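Chemist: no FASTA, just this:
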């Protein structure tokens, strides 16, 4: 048996998220089905990030085992010939048997796009949030600065009883504005459920002037979801990259 | 009767182009139907640019006459509440009765996006052309330079017997590369049928090394469609802006 790592890019618009489920098409379901057909054996992928419905990715990771004899680097090409245009495999490579996409130290980068103008732009409606309130990007940058580092992000997560700790480290957050498009890039060692979207929802409140940037420290201290802003909509979010520093 | 000018943005993916037709949904058809419902009278719009199926716009212009009493600047908001998300009215304003969106001097800018990498990116598949052949952008820029100015663009147009002259002026072409995305911006006083897409198809040939940049002058001289490259696919093209210098 060989262990294979896929780098997967997708437009999440038409899928019920990553994780396979009985009703509705998912990214994992598509991968399992097409890999099984291609390799003539039943394939079960394990995903690095179980993205929500509507969230996109350019660098999600899926791992599976196979006894098929196809050259592993050819799997990406063969899969791209089978998959619909909204899913693409960017790389297929062999990894050691011990490699697990989730139980391994990772550095993840997410991207969130916000179109800030009077009227929406239909050409980017599927991968950006439209916001007509004028946002103060400088205030948002200042607020983001308070989130960098190791913190208990309990206020910035939808409750998940399966989790043992809500402490995470954010290595970097930065915001770029090009024309009317604000892009937030956030890199950390892991993210709690809905954490990026709640951070964006909270930074939007700061950008609109609902509270000052310093208020972020109070939200962190509260360790209470209701202290933070709303969860920003899924379609503005893209999982940009996952790195495995121990395996590079 | 008042004459109204709309600035229209749309994602052309799900439409059979601008111009109304018996079979298939069009941008003009959608505007006429929703304007007629909103203003309670039959409305017929005239478009500035009859974009092809799959082509997008951020600045197309539609003009119509109405006897309705609704404040004209409110029409954009009221229409956006009715239209699907892939069409948006960015502005509605009154114009003089003599204003015609096509028979008036214009400066048009188109944008064409080319994603140049080994594997396609699903998140931008609807508004960029994917090209896996490595493109030499410097050669493409040099080739584009030969097209600037007043020329007979007969070689760069799909034949159209209704047209009296194939001479047009290109004021500017420039190419930008950000990451793997190459964007071509082209501004001129008017474009022949398929002209931007044939120019892009030809510049792609230059970028791939099929012929040198200087060959563009021979293509212009030939005044023959078969001398130029293929017509690049519609979905990479966006009508970015239309200006009416005499009315500004």
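Modeler: Yep, it's here. Here the structure is a predicted model, which is why all the values come from computation and not from measurement. Numbers count the residues shown, from 1 in each chain, chains lettered A, B, ... in the order given.

Chemist: could you pull out the helices for chain A?
Modeler: A:27-39, A:75-82, A:137-145, A:195-208, A:215-222 (DSSP state H).

Chemist: tell me the most buried of the ones you listed?
Modeler: Highest mean neighbour count of the helices of chain A: helix A:195-208, a mean of 24 (counted as mean count of other C-beta atoms under 10 Å in any protein chain shown). Where C-beta positions appear, they are placed from N, C-alpha and C, glycine not excepted.

Chemist: orientation of that one relative to helix A:215-222 in degrees?
Modeler: 140 degrees (axes from the mean of the first three to the mean of the last three C-alpha atoms, to 10 degrees).

Chemist: give the other helices and strands that helix A:195-208 contacts.
Modeler: Using 3 or more C-beta pairs under 8 Å, 6 or more residues apart in numbering or on different chains; DSSP states H and E, the elements in contact with helix A:195-208 are strand A:107-116, helix A:137-145, strand A:181-188, helix A:215-222, strand A:237-243.

Chemist: in the third one, what's buried?
Modeler: Same thing as strand A:181-188. In terms of neighbour count (16 or more other C-beta atoms under 10 Å in any protein chain shown), strand A:181-188 has its buried residues at A:182-184, A:186-188.

Chemist: and what of the last one?
Modeler: By neighbour count, and taking 16+ other C-beta under 10 Å as the criterion, the buried residues in strand A:237-243 are A:237-242.

Chemist: so which two of those residues are the farthest from each other?
Modeler: Distance extremes for the buried residues of strand A:237-243: the farthest pair is A:237 and A:242 at 14.4 Å, using C-beta to C-beta.

Chemist: so what are the domain limits for chain A?
Modeler: Domains of chain A are assigned by automatic domain parsing as A:2-95, A:107-247.

Chemist: ok, back up a step: between the buried residues of strand A:181-188, which sits nearest residue B:90?
Modeler: Among the buried residues of strand A:181-188, residue A:182 lies closest to residue B:90 (C-beta to C-beta), at 19.0 Å.

Chemist: and the closest one, what is it in contact with?
Modeler: Counting by C-beta atoms under 8 Å, 6 or more residues apart in numbering or on different chains, residue A:182 makes contact with A:113-116, A:135, A:137, A:140, A:175-176.

Chemist: who in chain A is up against chain B?
Modeler: Neighbours of chain B within chain A, by C-beta under 8 Å from any C-beta of the partner chain: A:9-11, A:56, A:58, A:76, A:80, A:85-90, A:118-123, A:125-127, A:238.

Chemist: of those, just the buried ones, ChimeraX syntax please.
Modeler: Buried members of the residues of chain A next to chain B, defined by 16+ other C-beta under 10 Å, are picked up in ChimeraX with:
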select /A:9,10,11,56,58,76,80,86,87,88,89,90,119,120,121,122,123,125,126,127,238
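
Chemist: measure the residue with the largest distance to the centre of chain A to residue B:103 for me?
Modeler: Ranked by distance from the centre of chain A (C-alpha atoms, centre = their mean), the top residue is residue A:69, with 32.2 Å. Distance from residue A:69 to residue B:103, counting by C-beta to C-beta, to the nearest Å: 67 Å.

Chemist: so residue A:30 sits against residue A:89, correct?
Modeler: No: look at residue A:30 against residue A:89 with C-beta atoms under 8 Å: they stay out of range, at 10.9 Å.

Chemist: now do the shared contacts for the two.
Modeler: residue A:83.

Chemist: thinking again about what came up before, how about the domains of chain A in TSV, adding mean pLDDT?
Modeler: TSV is the format used below for the domains of chain A (pLDDT from 0 to 100):
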stretch	mean pLDDT
domain A:2-95	97
domain A:107-247	96
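
Chemist: list the contacts of residue A:62.
Modeler: Per C-beta under 8 Å, 6+ apart, neighbours of residue A:62: A:5-6, A:8, A:28, A:31, A:45-48, A:101.

Chemist: at 7 Å what do you get?
Modeler: Residues in contact with residue A:62, defined by C-beta atoms under 7 Å, 6 or more residues apart in numbering or on different chains, are A:6, A:8, A:31, A:45-47.

Chemist: which of those residues sit farthest apart?
Modeler: Taking C-beta to C-beta, the two most distant members of the contacts of residue A:62 are A:8 and A:46; they sit 12.1 Å apart.

Chemist: quick one, which of these two is more surrounded?
Modeler: Neighbour tally, residue A:8 and residue A:46, criterion other C-beta atoms under 10 Å in any protein chain shown: the higher count belongs to residue A:8, 30 against 14.

Chemist: dump the residue contacts of the nearest residue to that one once chain neighbours are set aside.
Modeler: Distance criterion C-beta to C-beta, 6 or more residues apart in numbering or on different chains; nearest residue to residue A:8, sequence neighbours excluded, is residue A:60 at 4.7 Å. When contacts are counted by C-beta under 7 Å, 6+ apart, residue A:60 touches A:8, A:47-49, A:51, A:239, A:242.

Chemist: and the residues you listed, which is closest to residue B:197?
Modeler: Closest approach to residue B:197 among these (C-beta to C-beta): residue A:8, at 31.4 Å.

Chemist: partners of that closest one in the sheet?
Modeler: Residue A:8 has the following beta-bridge partners by DSSP bridges: residue A:60, residue A:89.

Chemist: dump the residue contacts of it.
Modeler: By C-beta under 7 Å, 6+ apart, residue A:8 lies in contact with A:57, A:60, A:62, A:87, A:89.

Chemist: distance check, the residue lying closest to residue A:45 once chain neighbours are set aside against residue A:73.
Modeler: Computed as C-beta to C-beta, 6+ apart, the closest residue to residue A:45 that is not its neighbour in sequence is residue A:62, at 4.1 Å. Applying C-beta to C-beta, the value for residue A:62 to residue A:73 is 16 Å.

Chemist: so which of the domains of chain A comes closest to residue B:208?
Modeler: Closest approach to residue B:208 among the domains of chain A is made by domain A:2-95 (20.2 Å; C-beta to C-beta).

Chemist: do me a favour and get the end-to-end distance for that closest one?
Modeler: Terminal residues of domain A:2-95 are spaced 8 Å apart (C-alpha to C-alpha, to the nearest Å).

Chemist: same question, stretch A:148-156
Modeler: Start-to-end span of stretch A:148-156 (C-alpha to C-alpha) is 13 Å.

Chemist: okay, buried residues for it please.
Modeler: Neighbour counts over stretch A:148-156 (16+ other C-beta under 10 Å) mark A:148, A:151, A:153-156 as buried.

Chemist: can you tell me which two in those residues are farthest apart?
Modeler: Top of the distance list for the buried residues of stretch A:148-156 (C-beta to C-beta): A:148 and A:154, 17.2 Å.

Chemist: returning to that earlier point: out of the buried residues of strand A:237-243, flag the one nearest to chain B.
Modeler: Among these, residue A:238 lies closest to chain B (C-beta to the nearest C-beta), at 6.4 Å.
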